[in-house]
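Here is my input; please provide its structure:
(one chain, ligands or ions: 2)
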Amino acid sequence: MRKKEELLEEIRQEVERCTLCPLAKNRTQTVFGEGNPDALIMFIGEAPGEDEDRSGRPFVGKAGQLLTKILLSVGIQREEVYIANMVKCRPPGNRTPTLEEVEACFPYLEAQIAIVNPSIIVTLGSVSTGYLLGTKEPMSKLRGQWFDWRGGKRIFPMFHPSFLLRHESRAPGSPKYLTWQDIQEVKRVYDLLRESTRRV
Ligand code: URA
Ligand code: URA
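Residues are numbered from 1 along each chain as shown. Ligands and ions are numbered 1, 2, ... in the order given. Predicted coordinates:
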């Protein structure tokens, strides 16, 4: 069987050439995603922002730095997980990607999920959460709960780090407070999985 790295590299090159949606016109470069090809957890954001479009890497700007801090708060290193976005090209002015753009790009994410085969998918914000779970319920109702997905995988929605940057409060019940609880729940289940699978 071919190595996961090779399979991911093949899709990455396909994404690099992609012109399936209008976002291709304005990108500096595509942002495929990165991380451990054997990760038990995959984090799925929304779309590259300016810093990601410039660097070609996901979650490296302000929101990304906060995501890295959230992971480190429970002792998870970025390198042990896999990080990707719903769409691989930056929407102009950081607008929300349209449903058409998300749909055009989804086969690439599906391939990444199939190759990495994580047990846990953490969806960050309403775009990835809503699309993968097929719901329009608000994040405030969806976050912090486990959802079965496509038999065998579990989705755990969390607030998007950009949303947290706009809500500074850490008071009980605030988005930051809830996210701190949510990442601890992710870590709890991650530890159980690692004990039972001895992966990572
Ligand atoms: N926001 C996202 O959703 N993804 C990134 O990669 C950066 C910011
Ligand atoms: N709305 C969003 O789009 N994302 C969040 O994380 C929270 C509210």
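
which helix in this protein runs the most residues?
Longest helix in the chain by number of residues, with DSSP state H as the criterion: helix 175-197.

Tell me which residues are up against it.
Under the criterion CB atoms under 8 Å, 6 or more residues apart in numbering, residues 40-41, 70-71, 73-76, 119-120, 122, 143-144, 146, 154, 156, 158-159, 163-164, 167-171, 199-200 lie in contact with helix 175-197. Bear in mind the C-beta positions are built from the backbone N, C-alpha and C, glycine included.

Close to ligand 2 as well: tell me which of those residues qualify.
The subset of those within reach of ligand 2, counting by CB under 6 Å from any ligand atom, consists of 159, 163.

just the buried members of the contacts of helix 175-197?
Buried by 16 or more other CB atoms under 10 Å: 40-41, 70-71, 76, 119-120, 122, 143-144, 156, 158-159, 163-164, out of the contacts of helix 175-197.

Next step: those residues restricted to strands.
Cross-referencing those with the strands (criterion: DSSP state E) gives 41, 120, 122, 156, 158 as the overlap.

and the residue nearest to residue 78 when sequence neighbours are not counted, how far is that from residue 99?
Take residue 78 and drop its neighbours on the chain: the residue closest to it by CB to CB, 6 or more residues apart in numbering is residue 68, 5.5 Å away. With distances defined as CB to CB, to the nearest Å, the gap from residue 68 to residue 99 amounts to 29 Å.

Going by distance to ligand 1, which of the buried ones among the contacts of helix 175-197 wins?
Sorting those by distance to ligand 1 puts residue 163 at the head of the list, at 10.2 Å, by CB to the nearest ligand atom.

Who are the contact partners of that closest one?
Applying CB under 8 Å, 6+ apart as the definition, the contact partners of residue 163 turn out to be 125, 139, 175.

Using a markdown table, lay out those together with distance to ligand 1, pLDDT and neighbour count.
Converted to a markdown table, the contacts of residue 163 look like this (distance: CB to the nearest ligand atom, whole Å; pLDDT from 0 to 100; neighbours: other CB atoms under 10 Å):
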| residue | distance to ligand 1 | pLDDT | neighbour count |
| --- | --- | --- | --- |
| 125 | 7 | 98 | 22 |
| 139 | 13 | 98 | 20 |
| 175 | 16 | 98 | 21 |
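
where exactly do the strands run in this protein?
Read by DSSP E, the chain holds these strands, from start to end of the chain: 34-35, 41-45, 82-85, 120-124, 147-149, 153-158.

Not including adjacent chain positions, what is the nearest residue to residue 113?
residue 42 (6.6 Å).

and the one you found, bridged to which residues?
Beta-bridge partners of residue 42, counted by DSSP bridges, are residue 82, residue 121.

where does it land on pLDDT?
If you check residue 42, the pLDDT there is 98.

Thought residue 110 was touching it, still the case?
No - in this structure residue 42 lies outside contact range of residue 110 using CB atoms under 8 Å: 11.8 Å.

if you count what's nearby, which of these two comes out ahead?
Between residue 42 and residue 110, counting by other CB atoms under 10 Å, residue 42 is the more crowded of the two (25 against 12).
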